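Trainee: just coords:
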């Protein structure tokens, strides 16, 4: 569709048939390019998963360390979280791609695609994006988990200790199961944020869904609205499905009668 | 956490020994004497000159008493008098700075705190049932993880305990589905399942609606009659009169008076005791 800012022509001057063909032509373009966009969709999906998993694996121990840890380890985790949460994601990604890769023995750099024989594939934007999005997500997931751990009343741990459980047993069997349940709503939020922020990997040249839509748009500037409407719909569906799945997970693990 | 605890204990012991070496050795002889005199005459619980402070605030100023097997001691006293703190010193949920506590002749400071708590059960004012577990699982958790019992054996034992508090039919209910009184009875079953030698009750009915207090007290009376050794902080004077073998009035971190309940009720030695008891009775009558 073309939006014209010029004064509207008289009604009888509009060639309605041509306009209709023109519009369907832009949608047809989107349809033609579906396989191309689908590859971007797969990259977006994979990047979301790898980033969320990395964020979870690093973030939940970080949250536990903030609550139960002490000494330099706790200070380090706390400090890393503060830094990661303070920097814009686009800066983190650019940093990961252009600055962080250190030379490795063998002439390659961190985040390079492993060489096959003497063939080099260069640096993987996907790896750099996973590490950037994953670490930032870890910093946020740590906070979700920290809050959930702290929301379990101290009496629960006392009761666990009072029957002879060790502190570790109390954390594992009493505090953790309750804290994980209470993390689900916050985690839901974080999941959708990471999903949408994968589009920022566009800045380091990763051809995920948004980058591919952008490529197409430069090829055919009249299809802007169609392309971006279409990928918005795809993002919406992904977010919606994710949220409903996590709702289901929350309901499934909900404690009958409420959790207090 | 336990490292910190034993650190405090060592520190206390050393300072006590250097301050008055004779006193420390006296204590040793006394407990040795008690041991040689035979298990029958040895109190199950001996509290000696117990002192505890939180920072600058002294909560317990030297408390000493013995508790024999099958005794039921009811502790009363105004808010802030140190009742709960004293109870928590016995199973080391809180640490104390001075004095000693012996369970069956053995200093609690010398014991592993998990072992100690396996032998000394506790029932809380705010109940603290594990919120994510059913009534049955609340009771089996300790049996499985602390006593290492198998699933079936733990289940069987837990069902017996729930039956004992009249809640076998609610075994699969979650805490949020139970009334306050039922929750507290599960709390008692959870403590009983570990076969404790001594049960501590920290105001077990204070958080309950008045109409639910009776069912909990009934369970406690049954336990007392069954020979359970109990240390009970409560202001339920009916329970004290009927079930206590001894009543202790605590004020400002000291035992003001201690004796058989009838004596404290009818002929207290101290005016403070009389005043406090009268206030309690008046309040319950007004209610």
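Mentor: Cool, got the structure. If you're wondering where the values come from, they're calculated on a predicted model, not measured in any experiment.
Trainee: Check whether residue A:152 really touches residue A:179, as I assumed.
Mentor: Yes. Counting by Cβ atoms under 8 Å, residue A:179 is a contact partner of residue A:152 at 5.5 Å. Backbone N, C-alpha and C define where each C-beta goes, glycine included.
Trainee: Tell me which residue of chain B lies closest to chain A.
Mentor: Proximity to chain A, evaluated over chain B using Cβ to the nearest Cβ, is greatest for residue B:176 at 3.1 Å.
Trainee: Spatially, what comes nearest to that residue if we skip its sequence neighbours?
Mentor: Among residues not flanking residue B:176 along the chain, residue A:257 sits closest, at 3.1 Å (Cβ to Cβ, 6 or more residues apart in numbering or on different chains).
Trainee: interface residues of the stretch 101-250 of chain A facing chain B?
Mentor: Residues of the stretch 101-250 of chain A lying close to chain B (Cβ under 8 Å from any Cβ of the partner chain) are A:153, A:155-156, A:158-167, A:169, A:173-174, A:177-178, A:181.
Trainee: rerun that using 6 Å as the cut-off
Mentor: A:155, A:159, A:162-167, A:169, A:174, A:177-178 (Cβ under 6 Å from any Cβ of the partner chain).
Trainee: could I get those as JSON lines with neighbour count?
Mentor: Converted to JSON lines, these look like this (neighbours: other Cβ atoms under 10 Å in any protein chain shown):
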{"residue": "A:155", "neighbour count": "15"}
{"residue": "A:159", "neighbour count": "27"}
{"residue": "A:162", "neighbour count": "28"}
{"residue": "A:163", "neighbour count": "27"}
{"residue": "A:164", "neighbour count": "24"}
{"residue": "A:165", "neighbour count": "23"}
{"residue": "A:166", "neighbour count": "17"}
{"residue": "A:167", "neighbour count": "16"}
{"residue": "A:169", "neighbour count": "18"}
{"residue": "A:174", "neighbour count": "24"}
{"residue": "A:177", "neighbour count": "16"}
{"residue": "A:178", "neighbour count": "22"}
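Trainee: ok now do the nearest residue to residue A:98 once chain neighbours are set aside, which residues does it touch?
Mentor: Counting by Cβ to Cβ, 6+ apart, residue A:98 lies nearest to residue A:204, which is 7.8 Å off, once chain neighbours are set aside. Residue A:204 makes contact with A:93, A:97, A:125, according to Cβ atoms under 6 Å, 6 or more residues apart in numbering or on different chains.
Trainee: go with 8 Å
Mentor: A:93-94, A:96-98, A:125, A:128-129 (Cβ atoms under 8 Å, 6 or more residues apart in numbering or on different chains).
Trainee: Just to be sure, which of those residues are found in strands?
Mentor: If you go by DSSP state E, these have nothing in strands.
Trainee: low-confidence ranges in chain A?
Mentor: Applying pLDDT under 70 to chain A flags the ranges A:1-14, A:16-24, A:118-122, A:259-260.
Trainee: So residue B:102, which state does it fall into?
Mentor: Under the three-state scheme (DSSP: H, G, I helix; E, B strand; the rest coil), residue B:102 adopts strand.
Trainee: Touching, it and residue B:64? I think so.
Mentor: No. Using Cβ under 8 Å as the test, residue B:102 is too far from residue B:64 to be in contact (11.4 Å).
Trainee: Show me whatever sits in contact with both of the two.
Mentor: Common neighbours of residue B:102 and residue B:64 (criterion: Cβ under 8 Å, 6+ apart): residue B:48.
Trainee: higher neighbour count, those two?
Mentor: Set residue B:102 next to residue B:64 and count neighbours by other Cβ atoms under 10 Å in any protein chain shown: residue B:102 wins out with 22 against 12.
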